[in-house]
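Undergrad: no letters, just coordinates:
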């Protein structure tokens, strides 16, 4: 073989990446900001539309006596059935109880933060358990086949049946109520994480697994350097489902936990005294919904950070 | 050639689904030796078992019978010692790793210290002429550039052998010819032994010092043709009468076996 001088072949333009990438970075950022702003604007418009729909329906019902063309309205529009948007928002800034200076909004947020903490702990515990299960299932397919039906069954058992049991077990063990509630949140959170993480762990194409084999990568290296990073987008999809499930789990758990705090307890109380102030229940539900949205948004931020270097698929 | 064989294949047979009614003999009784420093192409129509033979050498698939020795070792041992690097048809880069971190992956697996990894990676990116793309991510690169990163990655642990399974098959014609030139330069710079699977006659003739022509059903070696065109080969090589003569010779070797098959 004759030694060969390097033919001066620099990357040709047909092979180069888009030349304008560096220059286009700032405008890309601006475009991202614009799209985020428009997402926020759409959210606001939806909110206003919903409020308008609510008020319009109510006004129509009030004007026609809940009848139109001889048909009864499906939902009555009196203030007890449908408190006005103004009344609901107004309730948020009135004192929560007679004789206290704390307004309802602050009180609800305090209670919601308790629930959020339970849900967050439950999400973390459930996700870790879910991820661990996925890794076990990946390496032991027979265990996966044997256990999966039971996992599915565990999720179809009504939560209202399980929650009191968990609360009672926690009580007998002398644990504070929030631990049991966290356990219930985790119980709902682990399943979507397991399913999605398992799919993600199996997602690397053959060319990548075979490459790892060709460089004699060990089992652990294969897991940590290929399968887990490849599973990350799937994991976040599972976490989003788990986040909403854990909030539901925490609220339902609170309903069963006799004493204790949280937005679930508040909802129960306000539902009990519904006729005294229907707008309070609606305000509580509103805050609970906002709590869930904040929770998922925090996850979205985490995801955006974790996947910042990947091409948007 | 005075070199000692670095790859020796003795009586290798590969059957898929042996003992069932779907049993297929992909390779029948293959004998092949490859000397150090050779650039050998395995050429044949699809289904001739050329990729399977490469995968057996790389210990990605076990042979049904016969033996393979790489660098005097079994393929499994050679794989664990990282005696070979592998490039696939798809670059298969890890999309969450920068170019640099992709190239250093084999070294990381081998437990090489970070500073040495960085130095080695920089040298590899110089070799494939992509030094300014170290911090880019795979999706920011074209297909041809990704494949060059895959070559740098395969060579980063200084293997003695480079296995390439139709590495340019997914590229357009112009990129393909460009990368063929680059590949010959890399080969002469690194003095690696290359085993290259392709179904393109011109590609095999332009690149190889020897072409192993394979025939299908069952996969066998039909001919072994030395390509005595001098290196360095350039764009000009493609215009030489000797180049076309060699293409004709290889085509006849491929064609001859089709005729034989039709007669049978």
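TA: Perfect, thanks for sending it. Being a predicted model, the structure only gives us computed values, none of them experimental.
Undergrad: and the stretch of helix or strand residue A:198 belongs to, what's buried?
TA: Per DSSP states H and E: residue A:198 is located in helix A:177-201. For helix A:177-201, burial by neighbour count (16 or more other Cβ atoms under 10 Å in any protein chain shown) applies to A:177-198, A:200-201. Quick note: C-beta positions are derived from backbone N, CA and C, even for glycine.
Undergrad: so is it next to chain B?
TA: No - remark: helix A:177-201 sits outside contact range of chain B, by Cβ under 8 Å from any Cβ of the partner chain, the gap being at least 12.3 Å.
Undergrad: if I look at residue B:54, how far off is chain A?
TA: As judged by Cβ to the nearest Cβ, to the nearest Å, residue B:54 and chain A stand 11 Å apart.
Undergrad: gap between that residue and residue B:87?
TA: Distance, residue B:54 to residue B:87, using Cβ to Cβ, to the nearest Å: 11 Å.
Undergrad: so the two - more neighbours on which side?
TA: residue B:87 (27 against 20; other Cβ atoms under 10 Å in any protein chain shown).
Undergrad: after the helix holding residue A:198, next one along is what?
TA: From helix A:177-201, the next helix or strand downstream (DSSP H and E) is helix A:206-214.
Undergrad: ok, and what's touching that following helix?
TA: Helix A:206-214 is contacted from outside by A:221-222, A:225-226, A:230, B:58-60, B:79, B:84-86, B:88-90, B:92, B:94, B:109, B:163, using Cβ atoms under 8 Å, 6 or more residues apart in numbering or on different chains.
Undergrad: so which of these are in strands?
TA: Residues of these located in strands (DSSP state E): B:84, B:85, B:86, B:163.
Undergrad: chain A next: which of those residues are close?
TA: Within these, those near chain A by Cβ under 8 Å from any Cβ are B:84, B:85, B:86, B:163.
Undergrad: the first one: neighbouring residues, count only.
TA: Same thing as residue B:84. Using other Cβ under 10 Å, residue B:84 has 27 neighbouring residues.
Undergrad: can you list the weak-confidence ranges in chain A?
TA: For chain A, applying pLDDT under 70 flags the ranges A:1-26, A:258-259, A:312-313.
Undergrad: need the longest helix for it.
TA: helix A:21-64 (DSSP state H).
Undergrad: who are the packing partners of that helix?
TA: helix A:85-93 (3 or more Cβ pairs under 8 Å, 6 or more residues apart in numbering or on different chains; DSSP states H and E).
Undergrad: what does the helix it packs on rub up against?
TA: A:51, A:54-55, A:79, A:103-105, A:108, A:277, A:279-280, A:282-283, A:286.
Undergrad: go with 7 Å
TA: Helix A:85-93 is contacted from outside by A:51, A:54, A:55, A:103, A:104, A:105, A:277, A:279, A:280, A:282, A:283, A:286, using Cβ atoms under 7 Å, 6 or more residues apart in numbering or on different chains.
Undergrad: list the contacts for the second one?
TA: In this structure, residue A:54 makes contact with residue A:85, judged by Cβ under 7 Å, 6+ apart.
Undergrad: tell me how far it lies from chain B.
TA: Noted for residue A:54: a distance of 45 Å to chain B, by Cβ to the nearest Cβ.
Undergrad: ok, now the third one?
TA: Using Cβ to the nearest Cβ, one obtains 48 Å as the distance from residue A:55 to chain B.
Undergrad: name the helices or strands packed onto whatever helix or strand residue B:76 lives in?
TA: Secondary structure from DSSP H and E places residue B:76 in helix B:75-80. Packing partners of helix B:75-80 (3 or more Cβ pairs under 7 Å, 6 or more residues apart in numbering or on different chains; DSSP states H and E): none among the helices and strands.
Undergrad: tell me the buried residues in it?
TA: B:75, B:78, B:79.
Undergrad: what would the ones in strands among the contacts of helix A:206-214 look like in TSV with pLDDT?
TA: Shown next, in TSV, are those (pLDDT from 0 to 100):
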residue	pLDDT
B:84	96
B:85	95
B:86	96
B:163	97
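Undergrad: check contacts around residue A:143.
TA: A:136, A:137.
Undergrad: now with 6 Å, please.
TA: Contact criterion Cβ atoms under 6 Å, 6 or more residues apart in numbering or on different chains gives no residues in contact with residue A:143.
Undergrad: and of the ones in strands among the contacts of helix A:206-214, the nearest to residue A:171?
TA: residue B:86 (59.7 Å; Cβ to Cβ).
Undergrad: wait, the closest one touches residue B:161, no?
TA: No - judged on Cβ atoms under 6 Å, residue B:86 makes no contact with residue B:161 at a distance of 9.4 Å.
Undergrad: these two: which has the busier surroundings?
TA: residue B:86 (28 against 21).
Undergrad: who touches that one in this structure?
TA: Applying Cβ under 6 Å, 6+ apart, the residues near residue B:86 are A:214, B:58, B:154, B:163.
Undergrad: now it: closest residue in space that isn't a chain neighbour?
TA: With Cβ to Cβ, 6 or more residues apart in numbering or on different chains as the criterion, residue B:86 has its nearest non-adjacent residue at 4.1 Å, and that residue is residue A:214.
Undergrad: low-confidence ranges in chain B?
TA: For chain B (pLDDT under 70), the answer is B:1-3, B:257-264.
Undergrad: now the helices for it?
TA: B:50-57, B:75-80, B:99-103, B:105-109, B:114-127, B:143-155, B:173-190, B:201-207, B:241-263.
Undergrad: nearest to residue A:266, of these?
TA: Closest approach to residue A:266 among the helices of chain B is made by helix B:99-103 (49.7 Å; Cβ to Cβ).
Undergrad: what lies in contact with that closest one?
TA: B:93, B:94, B:121, B:124, B:133, B:134, B:136, B:149, B:152, B:153, B:156.
Undergrad: enumerate every residue touching the fourth one.
TA: Yep, that's residue B:124 we're talking about. Shown in contact with residue B:124 (Cβ under 6 Å, 6+ apart): B:103, B:152, B:156.
Undergrad: got a list of contacts for stretch B:53-62?
TA: A:210, B:27, B:63, B:68, B:75, B:76, B:79, B:86, B:163, B:165, B:197.
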